[in-house]
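> Predicted coordinates and the sequence they were generated for:
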Amino acid sequence: MMKRNQPRYQKWILVFTLTTLYARTSHTFDFFPEFGALDAVEAETLDSPQALDSESQSDVLTYMPDLQSDAAFFSRPMAFELALGSLSAKQFLHYQRVRLSKMLSEGLELRFTHWIQRDLEEDRERQILELLSTVSPAFGVSLYGIPSREKEEIDLGVALLLWPRSGQEIRMFHTWTDVVREERSQGGDRFVSSQNPNSIGLSSRLTLENEYATFGFRRDLP
């Protein structure tokens, strides 16, 4: 039972979390769970998965970012990280991520996030432009988009950001995936439900001098 003096934002987080978790679950590794919506291009590859050999998982575990590199990456306003590893005689594992932050004015911040995640299970690349408005020292609103040359692949999203203490950022997000695919599809394909798939979820990162903690989950709607 919640105490009466519990901050209001914690109640909203609990409601949002329970709503998001009410779904079938699957587990995967994401650089940025808050931006990793399942799009139509990725869904096509699920029908014909590549053959995975006995070393595939050990390769991923070897080259994926560990907690120490995660802490270093997210503790800086500008950061770059690259990992390359041989998967076979013909293929490389390629992990790359970049984040940039610039204050445009008091209370208005521009963020750019880019990552590449390519191995035998994943083949995705994202560029996110984000405009963040600080409403108060503990609360902010974010509008973000994933641009693309192909109009059918454009994503848009909104997020509520909470800063309960110094070094911690909590994000509750909602992404509209392929927002104009119904009208701009080059192949004539349509969503089965005649509605755009949405992704909702929550992520949190705590980055202090001697402490780092992170978690995130996302529900991809039909």
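Sure, I can see it.

> The closest residue to Val179 other than its chain neighbours: helix or strand, and which one exactly?
Excluding the flanking residues, the one nearest Val179 by C-beta to C-beta, 6 or more residues apart in numbering is Leu156, at 5.3 Å. (Each C-beta comes from the backbone N, C-alpha and C, glycine too.) Taking DSSP states H and E as the definition, Leu156 sits inside strand 155-162.

> mind listing what's buried in that strand?
For strand 155-162, burial by neighbour count (16 or more other C-beta atoms under 10 Å) applies to 155-157, 159-162.

> Now do that strand: which elements does it pack against?
Applying 3 or more C-beta pairs under 8 Å, 6 or more residues apart in numbering; DSSP states H and E, we find strand 155-162 packed against strand 139-146, strand 168-176.

> starting at the chain centroid, how far to that strand?
11 Å (C-alpha atoms, centre = their mean, to the nearest Å).

> lowest-pLDDT helix or strand in the protein?
Least confident helix or strand of the chain, by mean pLDDT, DSSP states H and E, is helix 40-45 with a mean of 59.

> Next, the angle strand 168-176 makes with the strand holding Leu156.
Strand 155-162 runs at 150 degrees relative to strand 168-176, counting by axes from the mean of the first three to the mean of the last three C-alpha atoms, to 10 degrees.

> Provide the strand pairings for strand 155-162, with the direction of each partner.
Strand 155-162 has these partner strands in its sheet, going by DSSP bridges: strand 139-146 (antiparallel), strand 168-176 (antiparallel).

> circling back to that earlier point, next helix or strand past the least confident helix or strand of the chain?
helix 56-63.

> pLDDT (mean, whole number) over that following helix?
Mean pLDDT, helix 56-63: 76.

> Now do it: distance to the chain's middle.
On C-alpha atoms, centre = their mean, the centre of helix 56-63 falls 21 Å from the chain's centre.

> What lies in contact with it?
29, 83-85, 87, 93, 95, 119-121 (C-beta atoms under 8 Å, 6 or more residues apart in numbering).

> Mind listing what's buried along it?
So, applying 16+ other C-beta under 10 Å, buried residues of helix 56-63: 56, 59-60, 63.

> Helices along this structure, start to end?
Secondary structure of the chain, counting by DSSP state H: helices at 8-21, 40-45, 56-63, 67-74, 181-184.

> thinking again about what came up before, minimum distance to Leu100: which of the strands paired with strand 155-162 has it?
Of all the strands paired with strand 155-162, it is strand 139-146 that lies closest to Leu100, at 13.6 Å by C-beta to C-beta.

> buried set for the closest one?
Within strand 139-146, the residues scored as buried using 16+ other C-beta under 10 Å are 140, 142, 144-146.
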